[in-house]
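Asks: Everything below, folded, please.
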Amino acid sequence: MDIFCEYIVKVKRSPIEILISVFSVLVAAILIFMSLALLSTPFSSFVLLIDAAIVYGVYILITHFNVEYEYILTNGELDIDKIIAKRKRKRMFSMNVKEFEVLEPVEQNKTYANILDCSTRTNSVDVYYAIFSKDNKRQTLIFNPPQKMLENMKQYSPRTIHLKGEIY
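Replies: Residues are numbered from 1 along each chain as shown. Okay, here's the model as predicted:
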């Protein structure tokens, strides 16, 4: 029997990303306002073209912070794609769940090394971490899989995958 699960999570914007967005809008507004003085010159069509480029650049910058992660589990193979502004997709992670050393809920006071963060960046209770080796280097994947996906992963590696509330 084939198992297929797909799940998309939206990443919460950080305060720095919000600050960059607000700052870029303010700078663009100031530049456009200053360029209005040049509309009575022979370069007025060129000024309008530059204003349009500024608006487009700010739009691209702000939407670049709209990030989603898509988790795909296909017969024990976990793939995680990063989707930026619903325009660009990049494969962040791909591995068979049998190769995980451990997959457990994240503990708040525990520190993790070599982190690949594919989570929503919220302090929710459904955040899990998986430790794996890649290129002879131990890494930690942090992500927010749904309960159904975790149960399907457990079918492929029952000894290394520990769900919330289980005693292990």
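
Asks: Number of residues surrounding the nearest residue to Val127 once chain neighbours are set aside?
Replies: Nearest residue to Val127, sequence neighbours excluded (Cβ to Cβ, 6 or more residues apart in numbering): Val106, at 4.4 Å. Every residue, glycine included, has its C-beta placed from N, CA and C. A total of 18 residues lie near Val106 under the criterion other Cβ atoms under 10 Å.

Asks: The residue nearest to Leu31 when sequence neighbours are not counted: which element?
Replies: Spatial nearest neighbour of Leu31, chain neighbours left out: Ile54 (5.7 Å); criterion: Cβ to Cβ, 6+ apart. Secondary structure from DSSP states H and E places Ile54 in helix 44-63.

Asks: Output that helix as CSV, nothing but the C-alphas.
Replies: Provided in CSV are the C-alpha atoms of helix 44-63 (Å, rounded to 0.1, in the frame of the first residue of the first chain):
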residue,chain,number,x,y,z
SER,A,44,9.4,63.4,-16.7
SER,A,45,8.8,60.1,-18.5
PHE,A,46,12.1,58.8,-17.2
VAL,A,47,11.1,59.8,-13.7
LEU,A,48,7.9,57.9,-14.0
LEU,A,49,9.7,54.9,-15.2
ILE,A,50,12.1,55.0,-12.2
ASP,A,51,9.1,55.5,-9.8
ALA,A,52,7.5,52.4,-11.3
ALA,A,53,10.7,50.5,-10.8
ILE,A,54,10.9,51.6,-7.2
VAL,A,55,7.3,50.4,-6.5
TYR,A,56,8.0,47.1,-8.2
GLY,A,57,11.2,46.6,-6.2
VAL,A,58,9.4,47.2,-2.9
TYR,A,59,6.7,44.8,-3.9
ILE,A,60,9.2,42.1,-4.7
LEU,A,61,11.1,42.7,-1.4
ILE,A,62,7.9,42.6,0.7
THR,A,63,6.5,39.5,-0.9
